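Colleague: okay, predicted coordinates and the sequence, questions at the end:
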Amino acid sequence: MKKNIDLATIKKFILANALTDNVMLMLHPSNFDKLVANSAKKAKSLCVSGINIIADNNDEISEDEIDVLEVKFN
């Protein structure tokens, strides 16, 4: 069964996994495009609850999957 990834799903995912601003989320391009479809201009990233969300441009993420990337600060 396919799961619909919307803003509510992402917020629940962030809370359930106790994510903080030291991570980013990456989505399949089709899932990301659906999230930003209502915006006035094409977005390259999105921020939800302080977490940046980007589209996977390297075909590493399956559709309807959320990947967590650790952000390292020097």
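Modeller: Perfect, I can see it now. Computed from a predicted structure; not experimentally measured.
Colleague: contacts, neighbours, all on C-alpha from now
Modeller: Noted.
Colleague: same question for stretch 51-64, mean pLDDT?
Modeller: Mean per-residue pLDDT for stretch 51-64: 93.
Colleague: same for the longest helix along the chain, what does it pack against?
Modeller: For the chain, the helix with the greatest residue count under DSSP state H is helix 7-16. Secondary-structure packing of helix 7-16 (3 or more Cα pairs under 8 Å, 6 or more residues apart in numbering; DSSP states H and E): strand 45-48.
Colleague: for the strand it packs on, give the mean pLDDT please.
Modeller: What strand 45-48 shows for mean pLDDT is 89.
Colleague: in that strand, which residues are buried?
Modeller: For strand 45-48, the neighbour count (16 or more other Cα atoms under 10 Å) marks no residue as buried.
Colleague: from residue 3, how far off is residue 27?
Modeller: Counting by Cα to Cα, to the nearest Å, the gap from residue 27 to residue 3 is 13 Å.
Colleague: overlap of the contact sets of these two?
Modeller: Taking Cα atoms under 8 Å, 6 or more residues apart in numbering as the criterion, residue 27 and residue 3 both touch residue 64.
Colleague: cool, thanks, signing off.
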